[in-house]
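K.L.:
my questions are about this predicted structure, shown below with the sequence.
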Amino acid sequence: MPSQSAGILLYRLTKGRLEVFLAHPGGPFWAKKDRGAWTIPKGEFEANEEPITAAVREFFEETGAQVHGPFIPLGSVRQRSGKVVSVWAAEWDLDPQRLKSNSFSLEWPPKSGRQQEFPEVDKAAWFSVEEGRMKMHSGQLSFIERLQGILERRP
């Protein structure tokens, strides 16, 4: 069974324009990457966990913020790696300066025998849809398009 991730795509309307909240992965691999590196706050979950529950938990672990619904289901996508990512959207305003992420250990530099701690997310920001598309991991772009479609159909 492929690995599964679940996440929350926060959005807000600023002067009538849609903005999305994206996170930049922490750690040395992503340190100098920007375009195509930002992601929806998300994480893996086990088969016995409800995906929306995992999405809320993972959002908290990566941002330090406890987000509440109502949640808009945006469906799932299978990324090139085979991982299935399920996402929900929520209208919520969050100050990226208050980011507080969990950390992970990694042997760094490779083959050095030294373990270092890195944040799961090293920064987060609000982006216009246009800028978000440039910053976001390509395997997640459809979630912005789905959110736009849903919001355009609302009265």
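P.N.:
Received the coordinates, thanks.
K.L.:
what's whichever helix or strand Ala54 is part of in contact with?
P.N.:
Element membership of Ala54, judged by DSSP states H and E, is helix 51-63. Residues from elsewhere that reach helix 51-63, judged by C-beta atoms under 8 Å, 6 or more residues apart in numbering: 4-8, 23, 41-45, 65-67, 71, 86-88, 94, 99-102, 120-121, 124. Placement of C-beta: from N, CA and C, glycine included.
K.L.:
now stretch 34-48
P.N.:
Taking C-beta under 8 Å, 6+ apart as the rule, stretch 34-48 contacts 1, 3-9, 21-25, 30, 51, 54-55, 57-59, 61-63, 85, 87, 120-121, 124-125, 127, 132, 134-138, 140, 143.
K.L.:
contacting residues for Phe21?
P.N.:
Counting by C-beta under 8 Å, 6+ apart, Phe21 touches 9-12, 41, 92, 94, 96, 124-127.
K.L.:
what are the phi and psi angles of Pro119?
P.N.:
Per-residue torsions, Pro119: phi -70, psi 150 (degrees, to the nearest 10).
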